[in-house]
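**Q** Make a model of this:
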Amino acid sequence: MNVTLFAVSYTLLSTVLLILADRKRITTQQYNAISAVASTVMGVVAAFIGWTVVAYLAAASAALAAWLWWNGGGGDDTKRRLKSWAGRFHGVRRTAPQGT
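**A** Residues are numbered from 1 along each chain as shown. Now for the predicted structure:
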């Protein structure tokens, strides 16, 4: 894959997302979620090709976008689901056998 084609396609996707967000077609949470997914895909492709620096930058970008999505209210349904699963969990304390 050509480096220029790779960079142009990611830049084009980011530009389209910014335009949609600016025109209020998508919310901030949707923008952050799509950016996280796009950065993840870019990082996987870059790692597969062997561009380690690009893969590191994409991983950092994906982590930031996912964190912004999660803390911006985008993960409320996921948080609710995790809390309901955690409510059913009952831990059992296990102690090591006492040897004499």
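**Q** neighbouring contacts of stretch 70-82?
**A** Applying C-beta atoms under 8 Å, 6 or more residues apart in numbering, the external contacts of stretch 70-82 come out as 28-30, 32-33, 69. In this view, the C-beta of every residue, glycine as well, is placed from N, C-alpha and C.
**Q** Would you mind extracting the C-alpha trace of it into PDB?
**A** The C-alpha trace of stretch 70-82 is given here as PDB (Å, rounded to 0.1, in the frame of the first residue of the first chain):
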ATOM      1  CA  TRP A  70     -16.500   7.000  27.300                       C
ATOM      2  CA  ASN A  71     -16.300  10.100  29.500                       C
ATOM      3  CA  GLY A  72     -18.500  12.200  27.200                       C
ATOM      4  CA  GLY A  73     -21.500  10.100  27.900                       C
ATOM      5  CA  GLY A  74     -21.100   7.800  24.900                       C
ATOM      6  CA  GLY A  75     -20.600   4.800  27.200                       C
ATOM      7  CA  ASP A  76     -23.600   5.200  29.400                       C
ATOM      8  CA  ASP A  77     -25.300   2.100  28.100                       C
ATOM      9  CA  THR A  78     -22.200   0.100  28.400                       C
ATOM     10  CA  LYS A  79     -21.600   1.400  32.000                       C
ATOM     11  CA  ARG A  80     -25.200   0.400  32.900                       C
ATOM     12  CA  ARG A  81     -24.800  -3.100  31.400                       C
ATOM     13  CA  LEU A  82     -21.500  -3.600  33.300                       C
END
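**Q** And the buried ones among the contacts of stretch 70-82, selectable in PyMOL?
**A** Buried members of the contacts of stretch 70-82, defined by 16 or more other C-beta atoms under 10 Å, are picked up in PyMOL with:
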select buried, resi 29+32+33+69
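**Q** Adding secondary structure and distance to A58, write the contacts of stretch 70-82 out as a markdown table.
**A** Shown next, in a markdown table, are the contacts of stretch 70-82 (DSSP: H, G, I helix; E, B strand; the rest coil; distance: C-beta to C-beta, whole Å):
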| residue | secondary structure | distance to A58 |
| --- | --- | --- |
| T28 | helix | 21 |
| Q29 | helix | 21 |
| Q30 | helix | 20 |
| N32 | helix | 15 |
| A33 | helix | 16 |
| W69 | helix | 16 |
